[in-house]
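Student: I would like to see how this sequence folds:
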Amino acid sequence: MTEHKIAFYKVSLNDVVNLEKPFKEHNIYAVIHFAGKKSVNESLGKPLYYYENNFIGTFNLIQMCLKYKVNNFIFSSSCTVYGNREDKPTEEEKILIPINPYGRSKLFVEHMLKDTAKVYPNFKVILLRYCNPVSCHSSGLIGEDPFLNPTNLFPVIQNLIRGKVPELVIFGKDYPTKDGTCIRDYIHVTDIAQGHVIALNLFEEKNKNFFTENCAIYNMGTNVGYSVKEIVETYEKANGIKLNYRYGERRKGDATMAIPDCTKICRDLGWCLNSD
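Tutor: Numbering: from 1, shown residues only. This is a model prediction of the structure:
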């Protein structure tokens with residue numbers, strides 16, 4: 001809780017006229033950009049919607065930053081830029097081959113930011129990649145109860161427990177994993193928020209060596225992956241219940257495994273998590 005009044009603007013990044021208002025009315029030190037559509041499954045059916053919202057919206061935001069000389073930019077990216085991985089945790093320098101429009105929209109934004117940082121010497125960019133944020137702030141003021149039908153595992157399980165949905169569908173049971181279901185590194189939203197705040201320290205002049213061509217890239221996570229089935233079984237054990245679930249076909253665009261290697265951010269920023 002900030003205990004401070006925060007100026008709030010309900011504005012689409014594609015509404016350029018109103019997007020300019022906060023830049024006109026405040027002396028902004030840095031932008032932390034979280035806004036974007038994030039459903040892999042939805043992006044497969046609405047690719048142009050994702051490119052318009054995620055890419056063009058960010059283009060408009062960058063233009064405002066340049067116009068008003070806001071030279072510090074943190075982009076909340078995604079491990080979907082790595083594509084399909086079936087081996088060990090993925091390092092930042094790995095080849096980027098996203099397998100769905102959502103991941104490609106994130107990668108295109110990364111390229112746009114890096115290209116901008118190369119041209120404008122005062123403009124610095126930090127790219128933070130992570131996957132599968134879960135839960136909510138301990139206050140419970142917002143909670144993890146989306147207005148629309150969720151596709152993320154945790155809120156779907158919560159809706160099942162609440163009786164809002166009749167069953168959980170586990171998409172795919174033939175992946176090359178220990179139990180045939182996808183593996184993800186799940187990270188708490190509060191840890192994500194703290195990581196972004198800590199990353200602001202990189203913009204200080206003393207930390208300029210962490211940037212390459214005005215860009216710094218970091219993974220965020222616990223370095224540990226859990227399968228969908230493991231999460232379901234943990235819920236059952238913790239709550240003393242049996243969840244009603246069944247297996248469905250694989251979803252297009254789903255990677256086998258998504259576990260970011262977080263050695264670099266722990267070393268440079270002291271942001272270190274583990275499965276405990």
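Student: So which bits of the helix ranked longest in the chain are buried?
Tutor: Longest helix in the chain, counting residues (DSSP state H): helix 101-119. Under the neighbour-count criterion of 16 or more other C-beta atoms under 10 Å, helix 101-119 has 101-110, 112-114, 116-117 buried. Bear in mind the C-beta positions are built from the backbone N, C-alpha and C, glycine included.
Student: now, among those, which is nearest to residue 24?
Tutor: residue 116 (21.3 Å; C-beta to C-beta).
Student: In this structure that closest one contacts residue 63, no?
Tutor: No: if you go by C-beta atoms under 8 Å, residue 116 and residue 63 don't touch, sitting 9.6 Å apart.
Student: related to what we said a few turns ago, and for the longest helix of the chain, what are the contacting residues?
Tutor: Helix 101-119 is contacted by residues 36-40, 42-44, 46-47, 50-51, 53-55, 58-59, 62, 66, 73, 75, 77-78, 80-81, 83, 96, 98, 123-125, 127, 213-215, 253 when judged by C-beta atoms under 8 Å, 6 or more residues apart in numbering.
Student: where does it sit relative to the chain's centre, distance-wise?
Tutor: Centroid separation between helix 101-119 and its chain, computed with C-alpha atoms, centre = their mean, to the nearest Å, is 14 Å.
Student: From the contacts of helix 101-119, list the buried ones, please.
Tutor: Buried among the contacts of helix 101-119 by 16+ other C-beta under 10 Å: 36-40, 42-43, 46, 50-51, 53-55, 58, 62, 66, 73, 75, 77-78, 80-81, 83, 96, 98, 123-125, 127, 214-215, 253.
Student: What separation is there between the residue of the chain most remote from its centre and residue 134?
Tutor: Distance to the chain centre peaks in the chain at residue 240, reaching 31.2 Å (criterion: C-alpha atoms, centre = their mean). As judged by C-beta to C-beta, to the nearest Å, residue 240 and residue 134 stand 21 Å apart.
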